[in-house]
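Engineer: my questions concern the predicted model and sequence given below.
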Amino acid sequence: MPDTRITVRRLRSGEAELYRRIRLESLRDSPSAFGSTYESALQRSPASWREQTQRSAQGPDRSTLIAFADELPIGISALYRDGVGSESGELLQVWVDPAYRGKGVAGKILDLLLLWAQENDFRRVVAVVTFENARAQSFYRKVGFVPAHSPAHESADGIVLVHELTS
């Protein structure tokens, strides 16, 4: 793996099959980490995968980033704006292939996603992490997320962490 080149880029229009493949792998590998299930994702139509890919591949309201080891997709993360004109967004779909965990891949993805967020006028990014996912909680805190202390950011699904962006 030392010769492996890790790159991260935004999902592109026309890459619905790539998106579907890595999203299904993430759901299969880490079922308790997501609100969606592998089984429900399998039921999605090709048109729904294309539409989500298109919306995440362009514009200032959604971005999905994919990490690659050489040409192999090994990680994913998305940021969706909370509504038109909102300065907040939710971090979603964060996953790295188990063979690449602990090697800085998640940090690379998140760095580029936060840079994209700043360039697109986000002021805060919220992540909901399941209560039992201590590894993810530790990662987010290490990169500047702090627990939310606002009723607007409470969740029965997990711990809500917030990252305030600077201009």
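Structural biologist: On my side now, so go ahead.
Engineer: and the particular helix or strand that has residue 89 in it, what's buried?
Structural biologist: In the assignment (DSSP states H and E), residue 89 maps to strand 88-96. For strand 88-96, the neighbour count (16 or more other CB atoms under 10 Å) marks 88, 89, 91, 92, 93, 94, 95, 96 as buried. The way it works is simple: take the backbone N, C-alpha and C, and place the C-beta from them, glycine included.
Engineer: closest one of these to residue 17?
Structural biologist: Nearest to residue 17 among these, counting by CB to CB, is residue 93 at 16.5 Å.
Engineer: just say helix, strand or coil for the nearest residue to the closest one once chain neighbours are set aside.
Structural biologist: With sequence-adjacent residues excluded and distances taken as CB to CB, 6 or more residues apart in numbering, residue 93 is closest to residue 78, at 4.6 Å. In three-state terms, and counting by DSSP: H, G, I helix; E, B strand; the rest coil, residue 78 is strand.
Engineer: show the pLDDT at residue 78.
Structural biologist: Residue 78 carries a pLDDT value of 97.
Engineer: how much space between the residue nearest to the spatial centre of the chain and residue 46?
Structural biologist: Residue closest to the average C-alpha location in the chain (CA atoms, centre = their mean): residue 77, at 2.2 Å. As judged by CB to CB, to the nearest Å, residue 77 and residue 46 stand 23 Å apart.
Engineer: do the same with residue 68
Structural biologist: For residue 68, the distance to residue 46 (CB to CB) stands at 23 Å.
Engineer: please apply the same query to residue 114.
Structural biologist: 31 Å.
Engineer: quick one, which of those two is more surrounded?
Structural biologist: residue 114 (18 against 10; other CB atoms under 10 Å).
Engineer: circling back to that earlier point, correct me if wrong: the residue nearest to the centre of the chain contacts residue 105.
Structural biologist: No: checked against CB atoms under 8 Å, the pair residue 77 and residue 105 is beyond contact range at 10.0 Å.
Engineer: if we can go back for a sec, what residues are bridge-paired with the residue nearest to residue 93?
Structural biologist: residue 64, residue 92 (DSSP bridges).
Engineer: contacting residues around it?
Structural biologist: Residue 78 is in contact with 56, 62, 63, 64, 65, 91, 92, 93, 113, counting by CB atoms under 8 Å, 6 or more residues apart in numbering.
Engineer: perfect, I'm done here.
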